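Asker: here you go, sequence then predicted model.
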Amino acid sequence: MRRRRSDSQRRTDPGLTRVTGVSFILLAMLPLVILPLSSIFIFGLSKGAGHFWQALMAPAALFSLRLSLMTSAVATACNLVFGLIAAYIISRYQFRGSNALMVVISLPTAIPTAVAGFALLLLWGRSGLLGQFLEETEYQIMFTTAAIILANIFVTFPLAFGVIKPALDNLDRGCEDAAETIGASRWQTFRHVVLPSLREAILTGALLTFARSIGEFGSTILVSGNLAMRTQTAPLYIFTKFNEGDIEGANAIAAVLAILSFVIFTLILIIRSRLEK
Amino acid sequence: MTDDKGAALVVDGLCKRYGGEMVLDRIGFSIAEGEVLALLGHSGSGKTTTLRLIAGLEVPDAGEISLFGRRVERLPARERNLGVIFQNYALFPRMTVAENIAFGLRIRGISRADRDRVVADLLGMIGLVEQREKYPSQLSGGQQQRVAIARALAYRPAMLLFDEPFSALDPRTRAGLRREIRSLLRKLRVPALFITHDQEEAMELGDQLAILNRGHLEQIGTPEEVYSQPCTEFVARFLGAANIVDVVISGERIILPGERWLPLPAGMPLAAIAGSPRLVFRPEEVELGGTPRLSLGVGRVVEISFSGPVEWLTIALDGLSEGQILIKACRTRWESGSCRPSQGDLLPIGLKSFRVLGE
């Protein structure tokens, strides 16, 4: 669509500035983001789709994907429940230190993931603060699936809370008052009035937590032991295969994770745009 | 005080503070069964706080609230069985019109078939049968408020509380909905408390009128009583226009500035008008021309304005050393008859009736 412009407009053509601006962004992103991502797919398909498929169908590869999906799902469920309860309590009850509590809840994202993993080792490891008591029992947390879940919970802890809390703050309190006068209990009000209004926020929080969880590496490598077919998550599989020189194997899982992230963030954008309507 | 027996609601000595500020100071009133009390006051007068205390959304600092003889001030809102209609409707945004109306029945465990029947009846009553499956955001303000009323009526509450239900609506919708609610309340005979800052609304809807001013209850009575016999200057000014003139009581006379006087009504207790007495009369109580029984002497017409059904006159009682007293008069075209003064004319001024207020 081109419109005729007057001379004065042409002299400071906003169209030209816009094109230059957008070109700059794309040019800067090309070597930094776009090319690296594209190379995963270019490499993956360079030897034909058959090779790619074979690498993906390797038992250890499929296992690592399943383990990542499962541990991320459990961590997401835990942090969603916690985030919802914490957001409701902090948003609906007034108490001293609520701001400090919010800082503490948000802290885990600020901590380097390797530090988080190390901290978990110090707590649950063989001579750890709590781990030493487990030593006498048959139970073991470190280097098991439970350790991966704990690490995922730790590094994604405040994500769901961070999305749900502002949504709750913006909810009209009048609806809750109305439900109460109609005769609803606290739980009925929460279940029938508050929760449906938080649908988008809960979904966004879940997707963010899941996306962040599924790519978690720094803490997982420390606490999982990276045992193939036992505690090797998808990012650890990529790392291990690369170290072994199996570039195709690493690349197949990398492509799947990249597509998964892309899908998740597209979903988040769709939900956001629905919310803004 | 009204007889508390057979009262739907009795409020006594109700106090509420926010921070250090006294929002309600020993409020007391009662509502008889089937009666509507309109609680009238400016914003910040404490009227919404009164409603929230009765509804159970706030806890009073002191005082008693009884619903049908049962003390409720510590009872949670959900156990009071009241229907509250909020200023901003407070409909549940993720429920359809039908689901909103059925909510009270649903949480009471009423069967689906019974719920549907009640919802259909109420939708017919509020004239929104076709909007059944719509969401609140798809309705106009007036429609939303109708749904809110239906939602409150669905579970047959013992009493209805209206919190400025029309203030977010345009004047035309407001007038229409006001008439609907009036006939609805007459029909259902549900006791109701109606909160408003609009005196016309209060007088039209209330069997009783209570005037709240900065947390104090100034006066309570029928709209007629409160309008024609205001107890305080605030009430006199709040309900329509009022002329208020400082006077001195001397013997049997009420002395106005400028050597004008009126006879002190027989039987008026002097104690009631101790302090600084003021003469209060409404614009329609001013008599123009002729030979008025309660004469104020001669006045000069300063301004005449015409506002449809009535004509407003500003009249100066002058010839005073300390300036002039301006009074407002109003009359219908029919009343004006042969007396049609123009600006600057002098004519005899009198009063049909008046009151004297003390401190």
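Answerer: Now that the structure is in, tell me what you want to look at. Numbers count the residues shown, from 1 in each chain, chains lettered A, B, ... in the order given.

Asker: what about residue 40, neighbour count?
Answerer: Since no chain was named, I'll use chain A. 18 (other C-beta atoms under 10 Å in any protein chain shown). For glycine as for every other residue, the C-beta is placed from the backbone atoms N, C-alpha and C.

Asker: wrong one, chain B
Answerer: Neighbour count for residue B:40, taken as other C-beta under 10 Å: 29.

Asker: next, the contact list for it, please.
Answerer: Residues counted as contacts of residue B:40 (C-beta atoms under 8 Å, 6 or more residues apart in numbering or on different chains) are B:47, B:196-199, B:202, B:206, B:209-212, B:238.

Asker: again, only using 7 Å
Answerer: Applying C-beta atoms under 7 Å, 6 or more residues apart in numbering or on different chains, we find residue B:40 in contact with B:196-197, B:199, B:202, B:209-212.

Asker: for it, which non-adjacent residue is closest in space?
Answerer: Setting aside the residues directly before and after it, residue B:40 is nearest to residue B:202 in space (C-beta to C-beta, 6 or more residues apart in numbering or on different chains), at 4.2 Å.

Asker: what helix or strand is the one you found on?
Answerer: helix B:199-205 (DSSP states H and E).

Asker: now swap in residue B:90 and tell me
Answerer: Here residue B:90, judged by DSSP H and E, is contained in no helix and no strand.

Asker: contact partners for it?
Answerer: Contact partners of residue B:90, counting by C-beta under 7 Å, 6+ apart, are A:172, A:174-175, A:177-178, B:148.

Asker: just the ones of the contacts of residue B:40 in strands?
Answerer: B:196, B:209-212 (DSSP state E).

Asker: ok, so of those, who is nearest chain A?
Answerer: Using C-beta to the nearest C-beta, residue B:196 is the member of those that lies nearest chain A, at 17.9 Å.

Asker: burial of the nearest residue to that closest one once chain neighbours are set aside, as a residue count?
Answerer: Leaving aside its sequence neighbours, residue B:196 sits nearest to residue B:202 (C-beta to C-beta, 6+ apart; 5.2 Å). Look at residue B:202: counted by other C-beta under 10 Å, it has 26 neighbours.

Asker: pLDDT score for residue B:202?
Answerer: Looking at residue B:202, its pLDDT stands at 93.

Asker: how near is it to residue B:167?
Answerer: 13 Å (C-beta to C-beta, to the nearest Å).

Asker: export the longest helix seen in chain B to PDB, keeping only CA atoms.
Answerer: Secondary structure of chain B per DSSP state H: the longest helix is helix B:171-188. Written as PDB, here are the backbone C-alpha positions of helix B:171-188 (Å, rounded to 0.1, in the frame of the first residue of the first chain):
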ATOM      1  CA  PRO B 171     -29.700   9.800  33.600                       C
ATOM      2  CA  ARG B 172     -32.300   8.200  31.300                       C
ATOM      3  CA  THR B 173     -31.500   4.600  32.200                       C
ATOM      4  CA  ARG B 174     -31.300   5.600  35.800                       C
ATOM      5  CA  ALA B 175     -34.900   7.100  35.800                       C
ATOM      6  CA  GLY B 176     -36.300   4.000  34.100                       C
ATOM      7  CA  LEU B 177     -34.500   1.500  36.400                       C
ATOM      8  CA  ARG B 178     -35.600   3.500  39.400                       C
ATOM      9  CA  ARG B 179     -39.200   3.100  38.500                       C
ATOM     10  CA  GLU B 180     -38.700  -0.600  37.900                       C
ATOM     11  CA  ILE B 181     -37.100  -1.100  41.300                       C
ATOM     12  CA  ARG B 182     -39.700   0.900  43.000                       C
ATOM     13  CA  SER B 183     -42.500  -1.200  41.700                       C
ATOM     14  CA  LEU B 184     -40.500  -4.400  42.300                       C
ATOM     15  CA  LEU B 185     -39.900  -3.500  45.900                       C
ATOM     16  CA  ARG B 186     -43.600  -2.600  46.300                       C
ATOM     17  CA  LYS B 187     -44.600  -6.000  44.800                       C
ATOM     18  CA  LEU B 188     -42.100  -8.200  46.700                       C
END
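
Asker: what packs against it?
Answerer: Using 3 or more C-beta pairs under 7 Å, 6 or more residues apart in numbering or on different chains; DSSP states H and E as the contact test, the elements touching helix B:171-188 are helix B:141-153, helix B:199-205.

Asker: other SSEs contacting the last one?
Answerer: Right, the one you point to is helix B:199-205. Using 3+ C-beta pairs under 7 Å, 6+ apart: helix B:199-205 touches strand B:36-41, helix B:171-188.

Asker: residue B:297 touches residue B:260, doesn't it?
Answerer: Yes: under the criterion of C-beta atoms under 7 Å, residue B:297 makes contact with residue B:260 at 5.2 Å.

Asker: what do these two both touch?
Answerer: residue B:317.

Asker: with neighbour numbers in mind, choose between those two.
Answerer: For residue B:297 versus residue B:260, neighbours defined as other C-beta under 10 Å are more numerous around residue B:260 (19 against 15).

Asker: against residue B:347, how distant is the more buried one?
Answerer: 15 Å.

Asker: do the same with residue A:58
Answerer: Residue A:58 is 109 Å from residue B:347, by C-beta to C-beta.

Asker: mind listing what residue A:167 touches?
Answerer: A:198, A:201.

Asker: do the same with residue A:271
Answerer: Residue A:271 makes contact with A:200, A:203-204, according to C-beta under 7 Å, 6+ apart.

Asker: and chain A, what are its domains?
Answerer: As recorded under automatic domain parsing, the domains making up chain A are A:1-44, A:52-276.

Asker: what score does residue B:267 have for pLDDT?
Answerer: Looking at residue B:267, its pLDDT stands at 69.

Asker: check residue A:11 too.
Answerer: Per-residue pLDDT puts residue A:11 at 56.

Asker: cool, and residue B:318?
Answerer: For residue B:318, the predicted pLDDT is 69.

Asker: burial count for residue A:118?
Answerer: Residues near residue A:118, counting by other C-beta under 10 Å, number 16.

Asker: got it, and residue A:52?
Answerer: Residue A:52: 19 surrounding residues under other C-beta under 10 Å.

Asker: how about the contacts made by it?
Answerer: Contact partners of residue A:52, counting by C-beta under 7 Å, 6+ apart, are A:44-45, A:252.

Asker: residue B:341 too?
Answerer: Counting by C-beta under 7 Å, 6+ apart, residue B:341 has contacts B:301, B:347.

Asker: how far away is it from residue A:54?
Answerer: 107 Å.

Asker: and what about the residue of the stretch 151-300 of chain B found nearest chain A, helix, strand or coil?
Answerer: Closest contact between the stretch 151-300 of chain B and chain A, by C-beta to the nearest C-beta, is at residue B:155 (6.7 Å). Under DSSP: H, G, I helix; E, B strand; the rest coil, the three-state class of residue B:155 is coil.

Asker: dihedrals phi and psi, it?
Answerer: As for residue B:155, its main-chain torsions (degrees, to the nearest 10) stand at phi -100, psi 20.

Asker: kindly report the same for residue B:314.
Answerer: Dihedral pair for residue B:314: phi -100, psi 130, per degrees, to the nearest 10.

Asker: what about it, how many neighbours?
Answerer: 17.

Asker: confidence-wise, which of the domains of chain A is weakest overall?
Answerer: The minimum mean pLDDT among the domains of chain A belongs to domain A:1-44 (a mean of 79).

Asker: rewinding a little: quick one: closest of the helices and strands packed on helix B:199-205 to residue A:130.
Answerer: Checking the helices and strands packed on helix B:199-205 against residue A:130 by C-beta to C-beta gives strand B:36-41 as the closest, at 60.8 Å.
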